[in-house]
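[1] Give me a 3D structure for the following:
(4 chains)
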2 protein chains.
Amino acid sequence: MATASDISNAELVLLKVLWQESPLSSADIVERVQRHEEWHEKTIKTMLNRLVKKAVLSYEQAGRKYLYAPLISQQVYQKQVSTRLLDNVFSGSVSGLVAGFAQQGALKSDDVEALKSLIAEWEKDQGGQS
Amino acid sequence: MATASDISNAELVLLKVLWQESPLSSADIVERVQRHEEWHEKTIKTMLNRLVKKAVLSYEQAGRKYLYAPLISQQVYQKQVSTRLLDNVFSGSVSGLVAGFAQQGALKSDDVEALKSLIAEWEKDQGGQS
DNA sequence: ATATAAAGATTACACATGTAGTCCAAAGGC
DNA sequence: GCCTTTGGACTACATGTGTAATCTTTATAT
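    The predicted structure is shown next:
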């Protein structure tokens, strides 16, 4: 099974494209990737191949082309990498993680509103559950 | 300058030891690392060497030994990796990141209390600044 | 039909990383 | 003083990753 730690930074770029829209042909992927990265077409195709081998992407044949699609969802990926960061670097402390962002001024007012809702949710569950 | 992305997972283990206590001799580092990891002494010494070359660690000579110390603080490291995760995987949305944890039940009541304080701080600053 | 272009498969190569082994010099034990 | 151990330096080697070029098989344009 494909785990997020098997996905390199460069590969993540392709995955992001496919999270936005899939399935896509390699030509489409190349075109979209090249909007932001100066990567050679051959490079991108190599990465597509490796991602298929790693079972991160699937493909279906359409004529003589392949149409690629992600086998791992963005949600699952996000969960995996953020959990690893949390455990590995912040000893499991969510607030420690957020505190860093607060210091850097990375907290936007939208974030704060969303955090308040999350906290309210959490407290409701807590009341119901405990 | 040493940036957090130059530090591999295995190397991070050594760095964590030195964040707890430094400077330490290689023998001490080996001993502490081996409390948790089954790594050969030679392996650990190779990594020490590489970390020095990468300017992640410094050393001072003490007789015929070296005493190693981190050149990057845990705070700076945490900031770098969490910012990279945030930008790269969550498009800069702190609340998106936290929402994932909330779903997984990774939020502890300590975290929630700490988050409330952070929010209160943030709102105070906001009032003063805007 | 033939030459060319396009898709994917295969091969290439340098640098990073995990995982040690070997070499050499200094320190200590006896 | 000689042998063994210990510290660090250097060497080794497989696998992963970034970055393509070449090969092979069609499809297509003329």
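[2] which SS state does A:L107 fall under?
    coil (DSSP: H, G, I helix; E, B strand; the rest coil).
[3] and it, how many residues sit next to it?
    Applying other CB atoms under 10 Å in any protein chain shown, we find 22 other residues in the vicinity of A:L107. In short, each C-beta sits where N, CA and C put it, glycine included.
[4] go on, the one 10 residues further on?
    By other CB under 10 Å, 13 other residues sit near A:S117.
[5] Which secondary structure element is home to it?
    For A:S117, the host element (DSSP states H and E) is helix A:109-129.
[6] Can you name every helix or strand that the helix or strand where A:K79 lies contacts?
    Using DSSP H and E, A:K79 sits in helix A:74-89. When contacts are defined as 3 or more CB pairs under 8 Å, 6 or more residues apart in numbering or on different chains; DSSP states H and E, helix A:74-89 packs onto helix A:94-104, helix B:9-20, helix B:74-89, helix B:94-104.
[7] still on that earlier bit, averaged over its residues, what pLDDT does the helix holding A:S117 have?
    The predicted model gives helix A:109-129 an average pLDDT of 89.
[8] Does it reach chain B?
    Yes: counting by CB under 8 Å from any CB of the partner chain, contacts between helix A:109-129 and chain B involve A:109-116, A:118-119, A:121-123, A:126.
[9] now what about that helix, what contacts it?
    If you take CB atoms under 8 Å, 6 or more residues apart in numbering or on different chains as the criterion, helix A:109-129 is touched by A:98, B:93-96, B:98-99, B:102, B:107, B:109, B:112, B:115-116, B:119, B:122-123, B:126.
[10] Just the buried ones from these?
    Listed as buried from the contacts of helix A:109-129 are A:98, B:93-96, B:98-99, B:102, B:107, B:112, B:115, B:119, B:122; burial here means 16 or more other CB atoms under 10 Å in any protein chain shown.
[11] Identify the farthest-apart pair in those residues.
    Spanning the widest gap among these are B:S93 and B:V112, at 19.2 Å by CB to CB.
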